[in-house]
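Okay, here's the prediction I keep looking at, along with the sequence it came from:
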Amino acid sequence: MSAPVVRAAHAASIVRAAHAAPIVDAVALSPAHGFSKPTQPRIRLIAGLGVEGDAHCGVTVKHRSRVARDPTQPNLRQLHLIHAELFEELAASGFRVAPGALGENVTTRGLDLLGLPRGARLRLGPDAVVEVIGLRNPCHQLDGFQQGLMAATLDRDAEGRLVRKAGVMAVVLAAGEVAPGDAIVVELPPGPHLRLEPV
């Protein structure tokens, strides 16, 4: 079964969003495995590994449940990105979520992260480049952070498909420092564009 294709009109809206000057809103890392990550003045991305000093940095998978299943899997979750607009949406429902609280390394603003196709590349700041691989699959740990948060990060689209809103996962292609206020430049892959799936 082939992967779902992103509609051309939707892909065009991502490009328009990119022209609206999307930026890095916050950056975070944690050397220890845990749910949240403290925000930082800047982080350094390392090609093929992830965020320098972060518990999820490495060539092979670092998420504990995945390590338990197969520690030799490639690390397709080197960088976790969430859009700041999600926090505003959650706040309207009574949740209090700040950058880094959901474990993301990069909080973006002004970019439709969830609408990006698989293989989209993001230039973060002057040097770092990452490739978007897939969606973060919300898990029960969200409810451990705030009751009801997992359900709040799930939705249904007009066709009834499940929408996972807890951000995207990426791999690092080019190293560089990333800091709040840095510009984000989007490079879409050649079409047809494939929808992001959980990774």
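Good, I have the coordinates.

pLDDT weak spots in the protein?
Along the chain, the parts satisfying pLDDT under 70 run over 1-20.

Can you list the residue ranges for helices in it?
Ranges of helices within the chain are 8-19, 64-69, 84-92, 141-145, 149-152, based on DSSP state H.

quick check, distance from the second one to the centre of its chain.
Relative to the chain's own centre, helix 64-69 is displaced by 20 Å; criterion: CA atoms, centre = their mean, to the nearest Å.

And the third one, by the same measure?
Average the C-alpha atoms of helix 84-92, do the same for its chain, and the two points are 15 Å apart (CA atoms, centre = their mean).

Buried ones in that helix, by neighbour count?
Residues of helix 84-92 classed as buried: 84-87, 89-90 (neighbour count, 16 or more other CB atoms under 10 Å). In short, each C-beta sits where N, CA and C put it, glycine included.

Correct me if wrong: residue 40 contacts residue 31.
No: Residue 40 is beyond contact range of residue 31, at 11.4 Å (criterion: CB atoms under 8 Å).

got the residue ranges for the strands in the protein?
23-28, 39-40, 43-46, 50-51, 79-83, 106-109, 121-124, 128-135, 154-156, 162-164, 168-174, 176-178, 184-187 (DSSP state E).

now the ones you listed as CSV including mean neighbour count and distance to residue 98?
Output for the strands of the chain, formatted as CSV (neighbours: other CB atoms under 10 Å; distance: least, CB to CB, whole Å):
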stretch, mean neighbour count, distance to residue 98
strand 23-28, 22, 8
strand 39-40, 18, 8
strand 43-46, 22, 17
strand 50-51, 26, 18
strand 79-83, 25, 11
strand 106-109, 25, 9
strand 121-124, 22, 20
strand 128-135, 22, 22
strand 154-156, 12, 21
strand 162-164, 13, 21
strand 168-174, 22, 19
strand 176-178, 20, 18
strand 184-187, 17, 20
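
Could you check the ones you listed and tell me which one is nearest residue 199?
Across the strands of the chain, residue 199 has its closest neighbour in strand 128-135 (2.9 Å, CB to CB).

Can you list the helices and strands that that closest one packs against?
Counting contacts by 3 or more CB pairs under 8 Å, 6 or more residues apart in numbering; DSSP states H and E, strand 128-135 packs against strand 79-83, strand 121-124, strand 168-174, strand 176-178.

contacting residues for residue 167?
80-83, 86, 102, 104, 113, 135-136 (CB atoms under 8 Å, 6 or more residues apart in numbering).

Just give the nearest non-adjacent residue to residue 124, would you?
residue 178 (4.6 Å; CB to CB, 6 or more residues apart in numbering).

does the one you found really touch residue 123, like I thought?
No: the pair residue 178 and residue 123 fails to qualify as a contact (CB under 8 Å) at a distance of 10.0 Å.
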